[in-house]
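Peer 1: what follows is a protein structure lacking sequence information:
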């Protein structure tokens, strides 16, 4: 059993020689950027709240500990479902010289070890930055953080054993209803973004005006005091870290963990055995679907197939369509935030700069998924080589799907800004034209990148490798930043700056699109022929 655990840990956390240096570097860059943004947000919020709200350091820390507990619980639930109830290697592990009980225990231990690693990765930097922000970074506080590391994973682990079971069944019921799951994902995504926007707005208001409204102060004080109560597990973790009512915190965490974990394992073992037997024996479901030969032309067939592929691939259906659908809401909120900060620093007349920056960022986020057009085929890629349709035509049809999705998000977002009179008619025309051409350039740039780096071997969870998406996103964000700076600065420093900004943005988009379309058109067949599964 211990050899099995060691092997699984090595597979997940050990160095993988199959990964290229380029993938490792790109992953490290993205991770560092995410960490920097998160820690900057923690520092800013901690500093502002400590300066304005009359609460103790421990009460303020409980806010971040609560967020950590929620995040770790979500991660733990996902691990429980994927390892215990939806394992991809169940037929392989059934041949191991291990009883089902030992496999069950091994997976629980693996989940707990992984959760401890995630806890350390999250808790240490966040709480150290928090202590620095409030001026409480002492030796005793650091010792408290390391004690908190020991007990932080217990509650999320215990809760996840219970929560995973109903979520798994709900997910099973919605398995054939991807649209419902997509709608739920969009609602959650928009909600998280709205919360993120609110926090950034609070920080911006403080640093611009050096104070908050009385109502805002009362809301935050009520929240911080309300979280620091006995019914919140983070309260007990905070007691341990800050050595306030230490023994109450220790007793509360240990007793709650024992009850949750022991009773959860008792229930989970029964469900695990039932699902394991069902999976090994076969689900018993008969696939009943009356199929027919569709008299589609090649172009329409590829379009239909590509859209179906998007719907049934998690990374595409959630983070591609999900972001595209929720983009108008995000654009509206981001425009308000960027305009508020920009007007405080640069004065009036920056609406076009804010609009072009925000729209370009979201177009980059959506269109970057074009860099996965080939990778999504995986082991079935060989089929695309034997169907009687040219390689160029296949990829053109897939490019059209990506462009249409981006265009839909762009059109709705622009209508929202026009309805709110955020930008004038000329701005709208330039924005639509420039961004549509920009999207074409992004999509074909992504396809060219995927042709050069196909990544047809899927990850362990069956999803395609996303390193190309990351690279394309960085390219898109750099261009978006250039567009934003152009829209902000030129009207302020150059006579007829608006006209020059329009010409530069549209001209850059045209050049970028033409270069990538030409590269695609003249190299696609040669590059495609070289790709092997």
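Peer 2: Received it, and whenever you're ready, just let me know what you need. Worth saying up front: this structure is predicted, and the values here are computed from it rather than measured.

Peer 1: C-alpha from now on. contacts and neighbour counts both.
Peer 2: Noted.

Peer 1: show me what the helix or strand encompassing residue 225 is packed up against.
Peer 2: In this assignment (DSSP states H and E), residue 225 forms part of helix 214-227. Using 3 or more CA pairs under 8 Å, 6 or more residues apart in numbering; DSSP states H and E as the contact test, the elements touching helix 214-227 are helix 57-80.

Peer 1: buried sites along the helix it packs on?
Peer 2: 57-66, 68-69, 72-80 (16 or more other CA atoms under 10 Å).

Peer 1: check which helix or strand covers residue 116.
Peer 2: Assigned by DSSP H and E, residue 116 falls in helix 100-134.

Peer 1: show me the domain layout of this protein.
Peer 2: Following automatic domain parsing, one gets these domains for the chain: 2-7+17-281, 298-530.

Peer 1: pick the most deeply packed of those.
Peer 2: A comparison of the domains of the chain by mean neighbour count, using mean count of other CA atoms under 10 Å, puts domain 298-530 on top with a mean of 19.

Peer 1: contacts only, for residue 119.
Peer 2: Shown in contact with residue 119 (CA atoms under 8 Å, 6 or more residues apart in numbering): 72, 149, 152, 153.

Peer 1: just to revisit the earlier point, let me have the domains of the chain in CSV, extended by mean pLDDT.
Peer 2: Listed next are the domains of the chain as CSV, based on pLDDT from 0 to 100:
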stretch, mean pLDDT
domain 2-7+17-281, 81
domain 298-530, 83
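
Peer 1: now the spatially most central residue of the chain: how far from residue 356?
Peer 2: The chain has residue 319 as the residue nearest its centroid, 7.1 Å off, counting by CA atoms, centre = their mean. Distance, residue 319 to residue 356, by CA to CA, to the nearest Å: 22 Å.

Peer 1: show me where the stretch 351-500 of the chain has helices.
Peer 2: In the stretch 351-500 of the chain, the segments counted as helices under DSSP state H, counting those that start in this stretch are 351-367, 381-386, 391-419, 425-452, 467-493, 497-530.

Peer 1: elements contacting the first one?
Peer 2: Packing partners of helix 351-367 (3+ CA pairs under 8 Å, 6+ apart): helix 322-346, helix 391-419, helix 425-452, helix 467-493.

Peer 1: save these as TSV, and put in distance to residue 508 too.
Peer 2: Listed next are those as TSV, based on distance: least, CA to CA, whole Å:
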stretch	distance to residue 508
helix 322-346	22
helix 391-419	18
helix 425-452	8
helix 467-493	9
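
Peer 1: nearest to residue 219, of the ones you listed?
Peer 2: Residue 219 sits nearest to helix 322-346 of all the helices and strands packed on helix 351-367, at 20.4 Å, using CA to CA.

Peer 1: among the helices of the stretch 351-500 of the chain, which is nearest residue 241?
Peer 2: The nearest among these, by CA to CA, is helix 467-493 at 36.9 Å.

Peer 1: report the angle between that closest one and helix 497-530.
Peer 2: 160 degrees (axes from the mean of the first three to the mean of the last three CA atoms, to 10 degrees).

Peer 1: packing partners of helix 467-493?
Peer 2: helix 21-52, helix 351-367, helix 425-452, helix 497-530.

Peer 1: would you mind getting the angle between the first one and helix 467-493?
Peer 2: Think helix 21-52. Using the same axes, to 10 degrees: helix 21-52 against helix 467-493 is 50 degrees.

Peer 1: same question, the shortest one
Peer 2: Taking the same axes, to 10 degrees, one finds that helix 351-367 is oriented at 170 degrees with respect to helix 467-493.

Peer 1: can you list contacts of helix 351-367?
Peer 2: Against helix 351-367 from outside (CA under 8 Å, 6+ apart): 320-321, 323-324, 327, 331, 334-335, 338-339, 342, 402-403, 406, 410, 413, 422-423, 427, 431, 435, 439, 442-443, 446, 472-473, 476-477, 479-481, 483-488.

Peer 1: distance from that helix to the middle of the chain?
Peer 2: Remark: helix 351-367 is offset 18 Å from the chain centroid, using CA atoms, centre = their mean, to the nearest Å.

Peer 1: now the angle between helix 391-419 and that helix, please.
Peer 2: Using the same axes, to 10 degrees: helix 351-367 against helix 391-419 is 150 degrees.

Peer 1: could you do the last one as well?
Peer 2: Angular relation of helix 497-530 and helix 391-419 on a 0 to 180 degree scale: 150 degrees, by the same axes, to 10 degrees.

Peer 1: cool, and the first one?
Peer 2: Using the same axes, to 10 degrees, the interaxial angle of helix 21-52 with respect to helix 391-419 works out to 10 degrees.

Peer 1: after the helix holding residue 116, next one along is what?
Peer 2: helix 139-151.

Peer 1: now do that next one: distance to the chain's middle.
Peer 2: Counting by CA atoms, centre = their mean, helix 139-151 comes out at 29 Å from the chain centroid.

Peer 1: what's the helix or strand following that helix packed up against?
Peer 2: Sequence-wise, the next helix or strand downstream of helix 139-151 (DSSP H and E) is helix 154-173. Applying 3+ CA pairs under 8 Å, 6+ apart, one finds that helix 154-173 contacts helix 57-80, helix 246-281.

Peer 1: ok, residue 259 to residue 111 distance?
Peer 2: Per CA to CA, residue 259 is found 18 Å from residue 111.

Peer 1: cool, and residue 187?
Peer 2: From residue 187 to residue 111 the distance is 28 Å (CA to CA).

Peer 1: next: residue 392.
Peer 2: Distance from residue 392 to residue 111, by CA to CA: 45 Å.

Peer 1: surely residue 83 and residue 105 touch.
Peer 2: No - Residue 83 is beyond contact range of residue 105, at 11.2 Å (criterion: CA atoms under 8 Å).

Peer 1: show me what contacts residue 529?
Peer 2: Here residue 529 is in contact with no residue (CA under 8 Å, 6+ apart).

Peer 1: can you check what angle separates the helix holding residue 225 from helix 57-80?
Peer 2: Using the same axes, to 10 degrees: helix 214-227 against helix 57-80 is 70 degrees.

Peer 1: following helix 214-227, which helix or strand comes up?
Peer 2: Next element after helix 214-227 (DSSP H and E): helix 233-242.

Peer 1: what's the offset of that next one from the middle of its chain?
Peer 2: On CA atoms, centre = their mean, the centre of helix 233-242 falls 29 Å from that of its chain.

Peer 1: before we move on, what about stretch 235-249?
Peer 2: The answer for stretch 235-249 is 33 Å, by CA atoms, centre = their mean.

Peer 1: try stretch 502-520
Peer 2: That offset, for stretch 502-520, works out to 29 Å (CA atoms, centre = their mean).

Peer 1: give me the contact list for it.
Peer 2: 430, 433-435, 437-438, 440-442, 444-445, 447-448, 483, 486.

Peer 1: going by distance to residue 492, which of those residues wins?
Peer 2: Using CA to CA, those come closest to residue 492 at residue 486, 10.0 Å.

Peer 1: not counting its neighbours along the chain, what's nearest the closest one?
Peer 2: residue 501 (5.8 Å; CA to CA, 6 or more residues apart in numbering).
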